[in-house]
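**Q** Below are the sequence and a predicted model; questions follow.
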There are 2 protein chains.
Amino acid sequence: MASIKDVAAEAGVSVATVSRVLNSHPSVSEEARTRVLAAVEALGYRPNAVARSLRTAQTRTLGLVISDVLNPYFTELARFVEEEARALGYSVIIGNADERPELQDHHIRTLIDRRIDGLLVSPADGGSPLMRDVTLGGTPMVFVDRWIPGIDVPVVRADGTGAVKDLVAHLHGLGHRRLAIIAGPAATTTGNERVEAFREAMRGLGLALPAAYIGQGDFQAASGRRATEQFLALAEPPEVVFAADNLMALGALDAIRARGLRVPDDIALAAFDDIPWFVHTDPPITAIAQPTADLARAAVRALADLIEGRTPQSVTLPARLVVRRSCGGAATNQRSDR
Amino acid sequence: MASIKDVAAEAGVSVATVSRVLNSHPSVSEEARTRVLAAVEALGYRPNAVARSLRTAQTRTLGLVISDVLNPYFTELARFVEEEARALGYSVIIGNADERPELQDHHIRTLIDRRIDGLLVSPADGGSPLMRDVTLGGTPMVFVDRWIPGIDVPVVRADGTGAVKDLVAHLHGLGHRRLAIIAGPAATTTGNERVEAFREAMRGLGLALPAAYIGQGDFQAASGRRATEQFLALAEPPEVVFAADNLMALGALDAIRARGLRVPDDIALAAFDDIPWFVHTDPPITAIAQPTADLARAAVRALADLIEGRTPQSVTLPARLVVRRSCGGAATNQRSDR
DNA sequence: ATCATGCGTGTAATCGATTCCACGGCGTCC
DNA sequence: GGACGCCGTGGAATCGATTACACGCATGAT
């Protein structure tokens, strides 16, 4: 592949001049510029990003480490992150942690070895030593969706408290009293917050949340299945299962169907994170929708601010309830569908 | 961040020795090795991958350009590609083309500028000049899922002919005669092949495929909706709609529901590409499943072979029919579910 | 004793860019 | 007319690694 030297030779100028033309430095004669441009064209020259990065100490690349690409919520997040990053002149390298802390560490290490300019992380756990060292090492970092208390970086996330409250009120209004939740990993903030919001909302309506109605999940479908089976095996099973993410809701649906039960007649179901498929499940599933695109944009902007020396902002956006038919009632009071 | 010079100074040796230790070159004394390792530990040194890549002219990175990350099929493919690549010591950078050829070109160019060692592509179109230049430029390339006739690189894909034949036979057995298809873009091989296989299978059973029963889609949900609306507006609408990918099936479902019709009673639906959600849609959707994990693995291995100087193999694996309830009949004859 | 061998190590070139500094030529001003 | 400054340009250092080559020293063969 042609290098800057080849271009310089072809154009009959020095490499310095070629570099100046390529970076639109002002002090280059019009004549030299056209000669260089012609040579670039003739050779099909493209600057070597690796060499450039070595010299300038910046890669114009962001790392995005997410907990699970197969979760449509994160897929969508990744897509919007890339879009916004591209608009700001950055590329994105995605690392999929599969909810495994050691894989997350692997990706973070690899990304830092590649000298990415900044890191966007949705941590799968409570924070490894490595993660704490990242910022000390000087790599700009922003948390998105989930964060780690005690690590002082900007956080961009959705607040589901209001939406969960709306959900519980909706369920209560439909006559449900025994509500159960499938929680996410305790090591994640979203795992805890959603349970807390749920508990709080129930307390507000004078409802109890017994320990047996709190299933422990890990944000994966299989755990939703297991937790739901346990609920259904109880002497007094819950009337509603609320899954803290969409994959566990899928698992819950599996388990309910395997038992030969129907939603919402035999048991109601709701989920955190809305996805297009929820419109077409049997029945359509009531869910709490996050403003994914806005979150992605805000996160990228915060990271770019950090990288480029501006003051980044933590952002919290409200999630909202989308009522469908999986909890019973005519879905006439639904705010939105798709 | 500490560089190799710092380590050399700390250990009291030259940078050459440090480099030798790091690359486990044999001729280093045990004593020097321990001193270097201690220095590496003390400084928390990590080699700069950018500098290393510049010198060695390899990045241990593969580029994966897919047509649409939001399509669960490609998400899954990407996930398995990363997994296999990691096992072989490569990282993966994903470029999402969003079915837009110019975005695809943008990603290919960016990836090549970064000097990735090889490129895995599922082309969104019939092949831009850029794509043709890639291999000429010396970058190893492998096509996965879709390919471009006339570009001589290994292709790893699924063959749906048999499964489509099974599907049409299944539909015929259920008494359906008027079958329609929502095709993918004519510029993609998968867009054409699926229609051809469908037409062929119908001919085999003596059924006609009128032009009005061939909807033009672009693999996105909205196009599935439009095509289905057109089918439903026909004087004699089809009894079955077969969508050439899962997103168009989602759109078709939207359109059918918007008309107040029911699947499969009023109209049957089937899709190419099986995804976990199809088990839980209303009704569960009959689909043709590709061996995604195997495709991903075969593609990465072919690319690694090409990069590392071995002889790569093109691979074609059979897709298979998964019967569910969306085409009518008791789904007792289903081969597999999930 | 002499010389070849080989091992461990360091010096320096190199990858492909960016950028500081110096230099020659020209115009301007006094 | 000479001093000064500006402009366009090239030479060379630099980023952080890898690696060819050379060198010093110990060892073994002759």
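**A** Now that the structure is in, tell me what you want to look at. Numbering: from 1, shown residues only, chains lettered A, B, ... in the order given.

**Q** Please make it C-alpha for all contacts and neighbour counts, starting now.
**A** Will do.

**Q** Any idea which residue of the stretch 101-250 of chain A lies closest to DNA strand C?
**A** A:R115 (14.3 Å; CA to the nearest atom of the strand).

**Q** Centre of the chain to stretch A:262-277, how far?
**A** Stretch A:262-277 sits 22 Å away from the centroid of its parent chain (CA atoms, centre = their mean, to the nearest Å).

**Q** now the strands for the stretch 151-300 of chain A?
**A** Remark: strands assigned in the stretch 151-300 of chain A by DSSP state E, counting those that start in this stretch are A:155-159, A:179-183, A:214-216, A:240-243, A:268-272, A:286-289.

**Q** Pull up the residues of chain A that are close to DNA strand C.
**A** For chain A, the contact set with DNA strand C under CA under 7 Å from any atom of the strand comprises A:1-5, A:15-20, A:22-23, A:46-49, A:51-52, A:54-56.

**Q** Turn the strands of the stretch 151-300 of chain A into TSV, columns for mean neighbour count and distance to B:A296.
**A** Formatted as TSV, the strands of the stretch 151-300 of chain A follow (neighbours: other CA atoms under 10 Å in any protein chain shown; distance: least, CA to CA, whole Å):
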stretch	mean neighbour count	distance to B:A296
strand A:155-159	24	33
strand A:179-183	28	33
strand A:214-216	20	33
strand A:240-243	28	31
strand A:268-272	27	31
strand A:286-289	26	32
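
**Q** picking up where we left off before, which of the residues of chain A next to DNA strand C come close to chain B?
**A** By CA under 8 Å from any CA of the partner chain, the members of the residues of chain A next to DNA strand C lying near chain B are A:1, A:46-49, A:51, A:54.

**Q** most surrounded residue in those?
**A** A:A49 (20 neighbours; other CA atoms under 10 Å in any protein chain shown).

**Q** check contacts around it.
**A** A:59, B:113-115 (CA atoms under 8 Å, 6 or more residues apart in numbering or on different chains).

**Q** Kindly report the residues of chain A close to DNA strand D.
**A** Counting by CA under 7 Å from any atom of the strand, chain A sits next to DNA strand D at A:12-17, A:26-33, A:51, A:54-55.

**Q** Go again with 6 Å.
**A** Applying CA under 6 Å from any atom of the strand, we find that chain A lies next to DNA strand D at A:13-14, A:16-17, A:27-29, A:32, A:54-55.

**Q** Okay, and the beta partners of A:A180?
**A** Beta bridges link A:A180 to A:V241, judged by DSSP bridges.

**Q** so what pLDDT did A:M1 get?
**A** Looking at A:M1, its pLDDT reads 88.

**Q** Where does pLDDT dip in chain A?
**A** A:330-338 (pLDDT under 70).

**Q** circling back: among the ones next to chain B among the residues of chain A next to DNA strand C, which are in helices?
**A** A:49, A:51, A:54 (DSSP state H).

**Q** how near is the last one to B:S53?
**A** Here the criterion is CA to CA, to the nearest Å. By it, A:L54 lies 10 Å from B:S53.

**Q** for A:I94, same thing?
**A** Distance from A:I94 to B:S53, by CA to CA: 20 Å.

**Q** Who has more neighbours out of the two?
**A** Shown here are A:I94 and B:S53; by other CA under 10 Å, A:I94 has more neighbours (24 against 19).
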